[in-house]
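S.K.: curious how this folds, go ahead:
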Amino acid sequence: MTEQRLTEDPTYWEIVWTQFEKRRLAYWSMWGVVGLVLVAVYCPIFISNKPFIWSVDGGSYSFPWLASLFDRNFFESSLDIAFNTLMLPGTFIAIPVLIIWRRSKHMGRRLRAPRRRRAALIGIGLWFFSFLLALFFSFGTPKTLYPKLEKELVAQGKQVSSVYPMFPYSFRQVDLDDTFAEPSFSHPLGTNKSGQDVFSRLIYGTRISLTIGVFAVSIYIFIGIFFGALAGYYGGRVDILIQRFIEVVISVPSFFLILTIAAFIENRSIFHIMLVIALVRWCGPARLVRSEFLRLRKLDYVSAAKAVGFRERTIIFKHILPNAIGPVLVAATFGVAAAILIESSMSFLGLGDVRVPSWGQILSTGRESGSWVLILAPGFAIFLTVTLLNLMGEGFRDALDPKLRK
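M.R.: Residues are numbered from 1 along each chain as shown. Modelled structure (predicted):
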C-alpha cells in the first residue's frame, strides 16, 4: 500500500494545497480565520451571565449555563442555537471524525479521499441532526439575572456557591445606571448607551459576521453556478437570455439595490440580509462558471461522455463542474469578506437586524457618542477579519495559477 501511494501522482487539489502552504502569509491567515471561527463557536464558555454551577445554602446543585445553551429566552436567535449545538454535540462528533480523517492519511490515496469525504459528510449530517433536535426540544425559562440575584441572596444572609465564566455578562444585559462606562477590568471595552458590555457584543458579533458571510456567499455561489453552467454548456439562446439578465442586474449598483430591498422589509433578520446579499451578487460567479464551461465543453473527455450516452445533467455537474470550480472558490473567499462589509454597512445605517449584536451597530453607536473605544474596537474587528479573508483568497488564487507555482 505504501509503495502504491509513493508511485501515484498527486491529485490536482493536493498540488494546490502544497502550493498554498508555501505562501506563508496566506497560510497563517487561514489559521487566523480558523481562530475567529473557534471564538465564534466557544464564546459562551468565556462570556455568559449564567453560572456553570449554582447552589443556595448547601442545597442541590444546578447547572444554569448548560441549560441556557438551548434556552430560547436567553439565546433568542436560531443562529446562536446552531453555534451552541456545534460547541457541544458538534465537538463530540468532530473527535471521531478527525480520528477517521487522520487514520486515513496512512492509507493509499485511492482509499484516503473517499474516506475523508465520507467522514466529513457523516460529521455534517450528525451536527445538522443535533441542531434540528435542539430546535425541536428547545425551551424557555424565566429570565434570571444570576449576578444580581446572588447579591440579593447574600444581602439576605444566605450562602451562595457559584462558578461563573471569565466575563459574567450577556450581550443583551442592560444596565441603565452604567451607560458609556470607560474601559475597566470588569468591562474591557466599556459599555454603550444602554449599559451593555461592548466586549461581549463584539465577541458574539463574530457569529453574526461569519454566518452572514459564509451563508450569503454559499447561496449566491449556488445560484451563480446553476445559471453559469446552463449558459456555458448550452450556449445559443440560453446563453444570450441568461447574459442579458445578468447585465440588467449588474447595471444597477449592488449596494444601493441591497439598501433599497432591505428598506422594504419591516422585520429584518439576518436571514433576510443573507438573501438580499445573495440575490444581487450571484452574477460574478455565474460569469466565471460560464467562461470555464465555454472552455471545457470542447475538450475530449466531454465529447467522450456524450458519446457514451451520459445524461446532460451528469456531464454538467459531475464531469465539467468539478474542473470549473477552482476560480469560483477563490471568488467565494473574497465574497465572504465583501458580505461582512455589506452587513456591517447595513447595520451602521440602521438597516440590519437590531436584535443581534453586530459590529456595524457598535460602530454606529460610537459615531453617535463620539466614544473612540466604540469606534476603534469594531473597526479593528472588521479590518482584521476582512484582511485575513482577502489574504487567504489571494493565496488560493496564486496556488490555483500554474504560472505562479513554486
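
S.K.: if I look at the closest residue to Ile265 other than its chain neighbours, how far off is Arg397?
M.R.: Among residues not flanking Ile265 along the chain, His272 sits closest, at 5.3 Å (Cβ to Cβ, 6 or more residues apart in numbering). From N, CA and C alone the C-beta is placed, and that goes for glycine too. The gap separating His272 from Arg397 is 31 Å, by Cβ to Cβ, to the nearest Å.

S.K.: who has more neighbours, these two?
M.R.: When His272 and Arg397 are compared for neighbours, Arg397 comes out ahead with 19 against 15, by other Cβ atoms under 10 Å.

S.K.: secondary structure element holding the more buried one?
M.R.: In this structure, Arg397 sits in helix 372-400 according to DSSP states H and E.

S.K.: likewise Val249?
M.R.: Val249 belongs to helix 236-251, assigned by DSSP H and E.

S.K.: which residues in the stretch 201-350 of the chain form strands?
M.R.: Assigned by DSSP state E, counting those that start in this stretch, the stretch 201-350 of the chain shows no strands.

S.K.: where in it is pLDDT low?
M.R.: In the prediction, the stretch 201-350 of the chain carries no residues with pLDDT under 70.

S.K.: can you give me the helices in it?
M.R.: Secondary structure of the stretch 201-350 of the chain (DSSP state H, counting those that start in this stretch): helices at 236-251, 254-263, 270-281, 283-296, 300-308, 312-314, 321-324, 326-348.

S.K.: same question for the stretch 51-200 of the chain.
M.R.: 64-68, 78-87, 89-103, 109-136, 146-155, 198-234.

S.K.: tell me which of the ones you listed sits most buried.
M.R.: Greatest average neighbour count among those goes to helix 198-234 (a mean of 23), per mean count of other Cβ atoms under 10 Å.

S.K.: give me the angle between that helix and helix 372-400.
M.R.: 30 degrees (axes from the mean of the first three to the mean of the last three Cα atoms, to 10 degrees).

S.K.: off-centre distance for helix 198-234?
M.R.: Distance of helix 198-234 from its chain centroid, counting by Cα atoms, centre = their mean, to the nearest Å, is 8 Å.

S.K.: next, the angle helix 283-296 makes with that helix.
M.R.: Using the same axes, to 10 degrees, helix 198-234 lies at 40 degrees relative to helix 283-296.

S.K.: if you count neighbours, what's buried in the helix holding Arg397?
M.R.: 373-375, 377-378, 381-382, 385-386, 388-400 (16 or more other Cβ atoms under 10 Å).

S.K.: do you know which of the helices of the stretch 51-200 of the chain lies nearest Lys22?
M.R.: Checking the helices of the stretch 51-200 of the chain against Lys22 by Cβ to Cβ gives helix 109-136 as the closest, at 20.8 Å.

S.K.: need the contact list for the nearest residue to Leu349 once chain neighbours are set aside.
M.R.: The spatially closest residue to Leu349, leaving aside those adjacent along the chain, is Leu259, at 7.1 Å (Cβ to Cβ, 6+ apart). Taking Cβ atoms under 8 Å, 6 or more residues apart in numbering, we find Leu259 in contact with 346, 349, 351.

S.K.: tell me the pLDDT of the residue sitting furthest away from the middle of the chain.
M.R.: Outermost residue of the chain with respect to the C-alpha centroid, by Cα atoms, centre = their mean, is Gly157; its distance is 46.8 Å. pLDDT recorded at Gly157 is 85.

S.K.: then Ala94?
M.R.: 60.

S.K.: check Ala119 too.
M.R.: 67.

S.K.: next: the one 3 residues further on.
M.R.: On pLDDT, Ile122 comes in at 75.

S.K.: same question, Arg102
M.R.: 57.

S.K.: quick check, the residue nearest to Ile265 in contact with Ala262.
M.R.: Yes: the pair His272 / Ala262 is scored as a contact, 7.3 Å apart, by Cβ atoms under 8 Å.

S.K.: before we move on, back to that, which residues touch the residue nearest to Ile265?
M.R.: 262, 265, 353.

S.K.: what about the last one, which SS state?
M.R.: Of the three states, Asp353 takes coil according to DSSP: H, G, I helix; E, B strand; the rest coil.

S.K.: now it. Its backbone dihedrals?
M.R.: Taking degrees, to the nearest 10, you get phi -90, psi 110 for the backbone angles of Asp353.

S.K.: and for the second one?
M.R.: Dihedral angles phi and psi of Ile265 (degrees, to the nearest 10) take the values phi -100, psi 120.

S.K.: tell me the spacing between it and Tyr220.
M.R.: The value you get for Ile265 to Tyr220, if Cβ to Cβ is used, is 18 Å.

S.K.: tell me, how many residues neighbour Ala339?
M.R.: Around Ala339 there are 27 other residues, counting by other Cβ under 10 Å.

S.K.: which residue packs closest to Ile250, ignoring adjacent ones?
M.R.: Going by Cβ to Cβ, 6+ apart, Ile250 has Cys283 as its nearest residue, at 5.2 Å.
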